[in-house]
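A.B. asks: Sequence first, predicted coordinates after that:
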Amino acid sequence: MRISVIGTGYLGAVHAAGMAELGFEVVGIDVDAAKVTALADGRAPFYEPELEPLLRKHVGSRLTFTTDLAAAAGSSVHFLCIGTPQRSDGPGADLTYLDAAVGSLLPHLRPGTLVVGKSTVPVGTAARIADLVEATGAELAWNPEFLREGYAVEDTLRPDRLVFGVRGGGAEVILRQVYADAIAADTPVVVTDLPTSELVKTSANAFLATKISFINAIAEICEVTGADVTTLADAIGHDARIGRKFLGAGLGFGGGCLPKDVRAFQARATELGVGDSLKFLAEVDAVNLRRRERVLALAAEALDGDVAGRRIGVLGVSFKPHSDDVRDSPALDVSRRLVELGAEVRVYDPVATESARRVAPHLEYADTLGEAVHEAEVVLHLTEWPEFRAADPAALGTQVARRQVIDGRNCLDRERWRAAGWSYVGLGVA
Ligand code: UGA
C-alpha cells in the first residue's frame, strides 16, 4: 500500500516516518521547501526525540519527501496532516491551509482511494470535505491524532486508542489494514461517524485543559489560605475517578494545541447556537492566563515591587520539556513581558533557544544554565526540563546576586533549595 502524508509539520512528519516504520511506501508532501529539504535529508525540522533515527532509517528507501502534490497521485491512502492554527482575527480555527491542500489534492484522487483527515478541526469540517472528496469517487474518513510532543513517535506507533470517523463504504477496512499492527496489539478501536470523531479530539483537549485550569484555580485558593496544592493534588489524585495526571499546578498550558483548541471549540459552539454549553472554557482560558500574571507579580514582589533594570534569570522557554516548540509558550510570554517591563532578562533552554530566537530575537539567550543565572536577583523556573531539577542549588547560589527562586512548575526540590539558602516560592505551594 502506498501512502501520502500531506503536511509535514509536527503531526505529518512523525506520521510519515511512523507509516514507513510500519512497512508502507510513504511520500510526505509539504509546500514548505526548507522543511522538505531537511526531511529528505533525514533531518527533523524540529526537536522530537526518536524522530531522526526513524527518518534516517527509511529516507532513501520507502520514505520520500517532496513539494510536488502530484506525487500523491499513485497513493491509495492520503493522510491530511495540515495545521489548523488560531485565526489572526478571532478565536476560531484558520482552515485556509487545510482547504487549500484539499483543493490541490482533489484533481489527483481516483475512485476507490481514501482520504484520511488527521488535523484537529471544528465539527462539521469533515462532512464538508467528504462531499468534495466523494465527488471524485474517493472516500473520506476522519482519524484524529492524540500524539503528545516529546513522545510523538511512541504515541504514533503505539497509540492508546484509534478513532475512525466514517460514512460507511470501505474506509474502515482500509484503516484497519493501515493500523493492523496496533490493532493486533489490542489497541481499542472506536468506529463512529464523522462529527463524533471530530468532537472526540476537541473534547479530549478541552478536558485536559480544564483539568489543568481546575488545579490552577485551586492553586489560587491555596495561595490565600496557606494550603499546598501539590499535596492536595496527590491526595485527590489517589481517587481513581480523578487520577493524578494533568493535575500539575503551575504556569499553565501552552503549545500549538490546547490553547487554540479551547478557543476554537468555544467559537464553533457559538456558531452552532450552543455557546452557553462551552462558556466555562472561557474561564479555563482565563485561569490559565492569570497564572502568567501571578508569576510576573511574584517576580516584582521579589524585587521590591519593580522589575525594571533588574537582572532576572529564566530557566526554560519551550511550552513544555522535551520540545523546542515555543508556540503560545507561557515561559516565552512571561520572558517577553518582563523585558517589556524593563527587566534585564537572560533566558536558557536546553533545546528551544533557536526556535525562541526566531520569534523573539530581542531576548537575551544564555548558552548555559550558569550563564542565565549569573548575577540574577531572582531566578524563574518556567519549563520543567530535567536539567533544572538536577541542578545543584548550592552551586547555582554562588553565581547569583540574590538567592531567590520562583518555581513556576512546582517541581524543584524546595527543601533542597531552601537548605542551600534560597528563598523558594512556588504557585500555590506552601
Ligand atoms: C496535547 C495533547 O496532550 C495531545 O493528546 C494532543 O494530541 C495534542 O495536544 C494535539 O492536539 O496535537 P501537547 O500539546 O504535546 O499535547 O502537550 P501536553 O503534554 O498536553 O501539554 C500541554 C501543556 O499543558 C504544556 O504547556 C504543559 O506544560 C501543560 N501542563 C500539562 C500543565 O501545566 N500541567 C499538567 O499537569 C500537564
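C.D. replies: Great, that's in hand.
A.B. asks: Close to the ligand: what parts of the stretch 1-150 of the chain are there?
C.D. replies: Contact residues (CB under 6 Å from any ligand atom) of the stretch 1-150 of the chain with the ligand: 120, 145, 146, 147, 148, 149. Every residue, glycine included, has its C-beta placed from N, CA and C.
A.B. asks: I'd like these as a markdown table, with secondary structure, distance to residue 272 and pLDDT appended.
C.D. replies: Compiled in a markdown table, these are given as follows (DSSP: H, G, I helix; E, B strand; the rest coil; distance: CB to CB, whole Å; pLDDT from 0 to 100):
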| residue | secondary structure | distance to residue 272 | pLDDT |
| --- | --- | --- | --- |
| 120 | coil | 17 | 97 |
| 145 | coil | 24 | 97 |
| 146 | coil | 24 | 97 |
| 147 | coil | 28 | 95 |
| 148 | coil | 29 | 94 |
| 149 | coil | 30 | 93 |
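A.B. asks: would TSV of these with neighbour count be doable?
C.D. replies: Output for those, formatted as TSV (neighbours: other CB atoms under 10 Å):
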residue	neighbour count
120	23
145	21
146	15
147	21
148	14
149	24
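A.B. asks: which of these lies closest to residue 96?
C.D. replies: Of all those, residue 120 has the smallest distance to residue 96: 15.1 Å, by CB to CB.
A.B. asks: got the contact list for that closest one?
C.D. replies: Contacts for residue 120 (CB atoms under 8 Å, 6 or more residues apart in numbering) come out as 84, 93, 144, 145, 201, 202, 205, 257, 261, 264.
A.B. asks: Now the last one. Nearest residue, chain neighbours left out?
C.D. replies: If the residues on either side of it in the chain are set aside, residue 264 comes closest to residue 93, at 4.1 Å by CB to CB, 6 or more residues apart in numbering.
A.B. asks: thinking the one you found is in contact with residue 262, fair?
C.D. replies: No - Residue 93 is beyond contact range of residue 262, at 11.3 Å (criterion: CB atoms under 8 Å).
A.B. asks: State the next helix or strand along the chain beyond the longest helix anywhere in the chain.
C.D. replies: In the chain, taking DSSP state H as the definition, the longest helix is helix 194-225. Per DSSP states H and E, the first helix or strand lying C-terminal to helix 194-225 is helix 229-237.
A.B. asks: Just want the angle from that next one to helix 194-225.
C.D. replies: Here helix 229-237 points in a direction 130 degrees away from that of helix 194-225 (axes from the mean of the first three to the mean of the last three CA atoms, to 10 degrees).
A.B. asks: helices and strands around helix 229-237, which ones?
C.D. replies: helix 194-225 (3 or more CB pairs under 8 Å, 6 or more residues apart in numbering; DSSP states H and E).
A.B. asks: just how off-centre is the helix it packs on within its chain?
C.D. replies: Centroid displacement of helix 194-225 relative to its chain, using CA atoms, centre = their mean, to the nearest Å, is 14 Å.
A.B. asks: cool, stretch 23-40 as well?
C.D. replies: Relative to its chain's centre, stretch 23-40 lies at 21 Å (CA atoms, centre = their mean).
A.B. asks: Need the three-state assignment for the residue sitting nearest the centre point of the chain.
C.D. replies: The centre of the chain sits closest to residue 255, judged by CA atoms, centre = their mean, with a distance of 4.2 Å. At residue 255, secondary structure determined by DSSP: H, G, I helix; E, B strand; the rest coil is coil.
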